[in-house]
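# Kindly return the folded structure for what I paste below:
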Amino acid sequence: MAERTLILLRHAKSDWSGDEADIDRPLNGRGRHQAPRAGKWLARSIPVIDLAVVSPANRARSTWELVSAELDAVPPTQVDDRAYAASAGQLLGVLRDLPDHAGIVVLVGHNPGIENLASLLTGESVPMPTSAIAVIGLAGPWTDAGRFPAVLRASGRPPAE
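I've put the predicted structure just below:
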């Protein structure tokens, strides 16, 4: 079976100045500038994305909207309630439910779950500050995610241009 590619994307910087519920917190100005940079990096580095799985949090959905606006082709997107405030183990459950036809998937979520998932899959420390990306190669089907070592292909926050 062909290698799967998982792209972990932490949401962009959010605005803590209001009194809205955590799930409703918007991006701040810095976040609105970070997210398109991540999108430009993805557009240059990943030829096609088959599926995007996004946390229902406002900041995650807004991040994906800004990121995907930079892509040549916007992949099908599903908002998955399980990705909100999820642990690495819960995110593994999301991965294991991905459709077989999706070879390259982006998962937009939150710390500490996203960072812990990257470390769990690769066995490496993978810092995931806001707008950071980790590109991970997985052998085998999504149903086996986490059962075999994965390879960290790239990670970090795209630089300002």
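# Can you list the neighbours in contact with the biggest helix by length in the chain?
Secondary structure of the chain per DSSP state H: the longest helix is helix 29-45. Applying C-beta atoms under 8 Å, 6 or more residues apart in numbering, the contact partners of helix 29-45 are 7, 9, 11-15, 27, 49, 59, 62-63, 66-72, 106, 130-131, 133, 135, 154, 157-161. Yep, even glycine has a C-beta here, placed from its N, CA and C like the rest.
# Can you list the buried residues in stretch 141-156?
Buried positions in stretch 141-156, judged by neighbour count with 16 or more other C-beta atoms under 10 Å: 142, 145-146, 150, 152-153, 155.
# repeat for stretch 119-128
119-122, 126, 128.
# Of the buried residues of stretch 141-156, which is the nearest to Asp97?
For these, the closest approach to Asp97 (C-beta to C-beta) belongs to Trp142, at 7.5 Å.
# Grab the nearest non-local neighbour of that closest one.
Leaving out its chain neighbours, the residue that sits closest to Trp142 by C-beta to C-beta, 6 or more residues apart in numbering is Leu98, at 4.0 Å.
# Could you check how far the one you found is from Thr77?
13 Å (C-beta to C-beta, to the nearest Å).
# out of these two, which sits in the busier spot?
More crowded of Leu98 and Thr77, by other C-beta atoms under 10 Å: Leu98, with 21 against 16.
# Please, where are all the helices along the chain?
29-45, 58-68, 88-96, 113-122.
# Please identify which of those helices is closest to Ala2.
Of all the helices of the chain, helix 88-96 comes closest under C-beta to C-beta, at 16.0 Å.
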